[in-house]
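Chemist: sequence first, then the predicted structure, then my questions.
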Amino acid sequence: MPAFFEDVAVGDEITPLIVEPTTTQLFFFSAATYNGHRIHYDRGWAVDVEGYPDVLVHGPLQAALLARAVTDWAGPSGRLVAFRTQNRASAFPGQSLRFCGSVESTGIDDGPGLVDLVVRCEMDDGTVLMPGTATVELPRRGAP
């Protein structure tokens, strides 16, 4: 994780976060977000009625984990200032999901230490489930 804006270069990779969502996690996320859609916690419904192979990992859960990967990388002095994602494919419990990204650009020499990232949630085979972008503000050396 970078300590300061000056430690970041275009092309740097953020530290990936690897998560294998469980059916229990999906149930609790549904409850916490008041999402009653049964495809996220009722396997019988998801398979027999909706035609999926299993319950689905929530898109908002994937986005939250992707934001976590970004904020973990930015560190406690960093600040997430913009975040955007698109949900493009389904994920299922037990699949290993990788939340990762890289530095696309850095801010100008003065002013806030803004860093633009290209981020994504992907499966082991490289299939991108959720592409996105993020902007973080990192502290500058010597700044108050």
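Modeler: Looks like it arrived, so ask away. Residues are numbered from 1 along each chain as shown.
Chemist: helices of the protein, start to end?
Modeler: Along the chain, the segments classed as helices by DSSP state H run 23-32, 43-44, 59-74.
Chemist: please identify the deepest-packed of those.
Modeler: helix 59-74 (a mean of 20; mean count of other CB atoms under 10 Å). C-beta here means a position set from N, CA and C on the backbone, and glycine is covered the same way.
Chemist: circling back: mean pLDDT added to the helices of the chain, as CSV?
Modeler: Converted to CSV, those look like this (pLDDT from 0 to 100):
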stretch, mean pLDDT
helix 23-32, 95
helix 43-44, 96
helix 59-74, 97
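Chemist: in space, what's closest to residue 22 - neighbours in sequence excluded?
Modeler: Using CB to CB, 6 or more residues apart in numbering and skipping residues adjacent in sequence, the residue nearest residue 22 is residue 93, 5.6 Å away.
Chemist: isn't residue 132 right next to residue 122, touching?
Modeler: No: Residue 132 is beyond contact range of residue 122, at 11.5 Å (criterion: CB atoms under 8 Å).
Chemist: out of these two, which sits in the more crowded spot?
Modeler: residue 132 (22 against 19; other CB atoms under 10 Å).
Chemist: what bridges to that one?
Modeler: residue 85, residue 119 (DSSP bridges).
Chemist: and it, how far is that from residue 87?
Modeler: 10 Å (CB to CB, to the nearest Å).
Chemist: now do the shared contacts for the two.
Modeler: residue 63 (CB atoms under 8 Å, 6 or more residues apart in numbering).
Chemist: hang on, isn't residue 65 packed against residue 99?
Modeler: Yes: the pair formed by residue 65 and residue 99 meets the contact definition of CB under 8 Å, at 5.2 Å.
Chemist: who touches both of the two?
Modeler: 17, 19, 121.
Chemist: need the residues you listed in CSV (columns: neighbour count).
Modeler: Putting the shared contacts of residue 65 and residue 99 into CSV (neighbours: other CB atoms under 10 Å) gives the following:
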residue, neighbour count
17, 17
19, 19
121, 30
